[in-house]
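**Student:** the sequence isn't on hand, but the structure is:
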DNA sequence: AATGAATGAGCCTTCATTCAT
DNA sequence: TATGAATGAAGGCTCATTCAT
């Protein structure tokens, strides 16, 4: 029995307004992302995105400046997942090999989700030059993490001497590819896949 | 030196006609492919393709039924390179590991060329359903080659027991990724890259 | 005279909106129809239609799915006139001959208007198969009306025994042809023409 | 056993050349006409015409100046049939009614053939202005024949006094319409149809 | 914040026609 | 006479984006 004073007012507070707006932005992103991955960016019209959300096309412009902005926001959301994982691992304990394996697991897992898949499925040519620049920087960060911990492992003796760049290319390629072949309804769970890959991708590198 | 009698006639023979037509088809393919890789399929107009060839747009239709036909022909040309490599290796000698390494080298090399790059850069959604079906079959053939020689290597003792499917996914991913990062003007030649990868991708698999 | 309070608001009500939209659809139809009859369907571009309406080509797509849809809608609008006439006559009194003459007048009048002319001037080949099917059904309805009342007249003795099918063909042909030769600025008014034809086409049929 | 002297030379004489050329022109006309009636002028490409004749598109230009020339030649061929019929009837005996009936039979028969059908199925807008002018003149000739013999019949007493123009419109419409509904594989032969129409269209006119 | 309506820009495709051979 | 190849011209349609309400 809530008293009138505590009943929720139908007139949203500024705070609630902000939350709702943010939730709508997220919903647009999720919907657009799903469509982009299903049909490809150029085959998706803003009408489709809007329809799935039960709104109309121009309404989208209240939340995003345009189609490429949505694309970019999708990518960035994916990257932030990756960046968060990297930070978490960096903040945690472990030698180079341990951290490399943790990154493989985290990044590999990400690749089995839409948020992660878009990181490599989106075509660079669909971004504006400015967006491309920012994306390029982000990609370098991820690459630096891989190379960094490989180098650290060589340093601390957990990884055999090798060219960190090439090793990172190999590992990155194998992980990125997961997004292309892994199906949620397939025989292997994402966790099983990344566990397998963490082992498989480092047996050649580990000093035992 | 050539007497009038042996000079080449300006009137092409039927044979020469056929060759020239074929050469023109190839030129269209190469030009379109280069543009597709540079700018992305949807950002390339047939006008651009035609202009680069110093012809007009409708002239393209003398050689291809439409834009997606060109796209498809590009893909198929790439696949035929791959298939030829597979056949050559299959026809040659060697145990499973040897052949797997040969395939890694051949496929990796292909990935440093436009013909190969398009195999994974083109978006499935841009093909017609019929084309997708054919492509799907072709991809299965390549995958089968990787898995097959891994399985053969396990059989003949040159490769340690493991899941050929996962191993093939790892190798395939690493190789496909080459097309994304390798630059012709980079520090490593294609040959050096694939040599490195052939070693790197099989150290974890080889029985010594 | 109107006080500010009773002035029409510039903000259209939903009802007014619907009416305006409907009026625009009609305007498109009328304009397109006029052009189609003037120049022939294939010589009319959507740009011309749009220009005459002081809008742009894509705006047409807010009201019709495409060019053939417009063509079809024109035809259907004409048919509905005819169908309404048939219903009205069917609902009214009179023997077979009386009704036949009424139909001749109504259908003949229709043929002197663009709405009616299009019924026979449009080429079946310009419709989609689905549209053709529907049109075919509509044409059968009209034909059935002619034949039906001829048969009824034979039954009730107002028309001499004869083959209703052939009689209907003759009458239909004569009436359809009106659309080809009658000019609004000609010597005979539409009413005079159909009065003449109602007599002329039934003197051979009437039992006196 | 034809002697060498009488054997047909493989080198055609100029006379035979002319005959063959003329035959080819006819073949093109027939083929094009059939296609035009089947699919409508604008849906028929010169490629289709050429293919049906087992030649190539540009070859057509050896016989006709362009697509509309073919269309026009088709129409003219049809008209000449009609004109020949008119002349034959004019040259023969009979009062106005007799000749009118003869014309109805002849013109009606023509309408059951492709040559005749095209006379009213082709769209005026598809001709050039010059062609339109000539066609207009031809149509007037036919119309004049109908009206003339009706007037003659009134004069000689075989036809009841009436407006020849309107009577001709009625008869012409009914006859032209035959081309729209008559099927060669239908229940009535062309001869039966025109016999019926000759009677039906003049019962109201004849003085008995 | 959301909508209906309209627009501008662009692209693929078709096809009659021409030309060199 | 016939062909292969190429072109010019044009049209329908799509869609991201804007604007008034």
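**Tutor:** That came in fine, so what should we check first? Predicted model, so just to flag it, every value in this text is computed and none were measured.
**Student:** CA only for contacts and neighbour counts going forward, please
**Tutor:** Noted.
**Student:** tell me where chain A has helices.
**Tutor:** Using DSSP state H, the helices of chain A run over A:14-39, A:46-52, A:57-60, A:67-91, A:96-111, A:114-121, A:129-156, A:164-181, A:190-200.
**Student:** most packed of those helices?
**Tutor:** helix A:96-111 (a mean of 23; mean count of other CA atoms under 10 Å in any protein chain shown).
**Student:** specify the angle between that helix and helix A:129-156 in degrees.
**Tutor:** 150 degrees (axes from the mean of the first three to the mean of the last three CA atoms, to 10 degrees).
**Student:** got the domain ranges for chain A?
**Tutor:** Domain ranges of chain A: A:13-64, A:74-208, per automatic domain parsing.
**Student:** closest to chain C out of those domains?
**Tutor:** domain A:13-64 (13.8 Å; CA to the nearest CA).
**Student:** does any part of the closest one sit near DNA strand E?
**Tutor:** Yes - counting by CA under 7 Å from any atom of the strand, contacts between domain A:13-64 and DNA strand E involve A:21, A:54-59, A:62.
**Student:** avg pLDDT for stretch A:48-61?
**Tutor:** Stretch A:48-61 carries an average pLDDT of 97.
**Student:** what separates it from the chain centre, distance-wise?
**Tutor:** With CA atoms, centre = their mean, to the nearest Å as the basis, stretch A:48-61 stands 24 Å off its chain's centre.
**Student:** could you see whether DNA strand F lies near it?
**Tutor:** Yes - counting by CA under 7 Å from any atom of the strand, DNA strand F is contacted by stretch A:48-61 at A:57-58, A:61.
**Student:** among those residues, which are in reach of chain B?
**Tutor:** Among the residues of stretch A:48-61 next to DNA strand F, not one lies near chain B by CA under 8 Å from any CA of the partner chain.
**Student:** same list (those) but as a markdown table, adding distance to residue D:206.
**Tutor:** As requested, the residues of stretch A:48-61 next to DNA strand F are arranged in a markdown table below (distance: CA to CA, whole Å):
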| residue | distance to residue D:206 |
| --- | --- |
| A:57 | 71 |
| A:58 | 73 |
| A:61 | 78 |
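**Student:** so which of those residues comes closest to residue D:34?
**Tutor:** residue A:57 (49.1 Å; CA to CA).
**Student:** residues contacting that closest one?
**Tutor:** The contact partners of residue A:57, taken as CA atoms under 8 Å, 6 or more residues apart in numbering or on different chains, are A:46-47, A:49-51.
**Student:** looking at those residues, which one is closest to DNA strand F?
**Tutor:** Closest approach to DNA strand F among these (CA to the nearest atom of the strand): residue A:46, at 4.0 Å.
**Student:** I'd guessed the closest one sits against residue A:66; true?
**Tutor:** No - applying CA atoms under 8 Å, one finds residue A:46 not in contact with residue A:66, separated by 9.2 Å.
**Student:** name the nearest residue to the residue nearest to the spatial centre of chain A, ignoring sequence neighbours.
**Tutor:** With distances taken as CA atoms, centre = their mean, residue A:78 lies nearest the centre of chain A, 2.4 Å away. Distance criterion CA to CA, 6 or more residues apart in numbering or on different chains; nearest residue to residue A:78, sequence neighbours excluded, is residue A:115 at 4.5 Å.
**Student:** one more: residue A:46?
**Tutor:** Nearest one to residue A:46, counting by CA to CA, 6+ apart, is residue A:57 at 6.0 Å.
**Student:** from residue D:128, how far out is that neighbour?
**Tutor:** Computed as CA to CA, to the nearest Å, the residue A:57 to residue D:128 distance reads 47 Å.
**Student:** repeat that for residue A:156.
**Tutor:** 89 Å.
**Student:** also residue A:188?
**Tutor:** 71 Å.
**Student:** and the contacts of stretch A:196-208?
**Tutor:** With CA under 8 Å, 6+ apart as the criterion, stretch A:196-208 contacts A:97, A:101-102, A:104-105, A:157-160, A:171, B:170, B:200, B:203-204.
**Student:** do the same with stretch A:98-110
**Tutor:** A:81-82, A:85-86, A:89-90, A:93, A:116-117, A:146, A:149-150, A:171, A:175-176, A:178, A:190-191, A:194-195, A:197-199, A:202.
**Student:** again with stretch A:9-26
**Tutor:** So stretch A:9-26 is contacted by residue A:63 (CA under 8 Å, 6+ apart).
**Student:** what's the mean pLDDT across it?
**Tutor:** Stretch A:9-26 comes out at a mean pLDDT of 86.
**Student:** stretch A:127-142 too?
**Tutor:** 98.
**Student:** touching chain B at all, that stretch?
**Tutor:** No - using CA under 8 Å from any CA, stretch A:127-142 never reaches chain B; the gap is at least 11.0 Å.
**Student:** any part of that stretch near DNA strand F?
**Tutor:** No - judged by CA under 7 Å from any atom of the strand, stretch A:127-142 makes no contact with DNA strand F; its nearest approach is 10.4 Å.
**Student:** list phi and psi for residue A:122.
**Tutor:** The phi/psi pair for residue A:122 (degrees, to the nearest 10) reads phi -70, psi 150.
**Student:** quick one, the helix or strand bottoming out on mean pLDDT in chain A and helix A:114-121 angle?
**Tutor:** Ranking every helix and strand in chain A by mean pLDDT, DSSP states H and E puts helix A:14-39 at the bottom, with a mean of 93. Relative orientation of helix A:14-39 and helix A:114-121, computed by the same axes, to 10 degrees: 50 degrees.
**Student:** give me the angle between helix A:14-39 and helix A:67-91.
**Tutor:** Going by the same axes, to 10 degrees, helix A:14-39 makes 100 degrees with helix A:67-91.
**Student:** would helix A:14-39 count as contacting DNA strand F?
**Tutor:** No - between helix A:14-39 and DNA strand F, judged by CA under 7 Å from any atom of the strand, nothing touches; the nearest distance is 10.8 Å.
**Student:** could you check how far that helix is from the centre of its chain?
**Tutor:** Distance of helix A:14-39 from the chain centroid (CA atoms, centre = their mean) equals 16 Å.
**Student:** again with stretch A:42-62
**Tutor:** Worked out by CA atoms, centre = their mean, stretch A:42-62 lies 23 Å from the chain centre.
**Student:** over to stretch A:94-114?
**Tutor:** 13 Å.
**Student:** over to stretch A:53-71?
**Tutor:** 21 Å.
**Student:** between the two ends of it, how far is it?
**Tutor:** 17 Å.
**Student:** swap in stretch A:38-56?
**Tutor:** With CA to CA, one end of stretch A:38-56 sits 21 Å from the other.
**Student:** can you check stretch A:109-120 too?
**Tutor:** 14 Å.
**Student:** what's the answer for stretch A:111-130, then?
**Tutor:** OK, stretch A:111-130 end separation, CA to CA: 25 Å.
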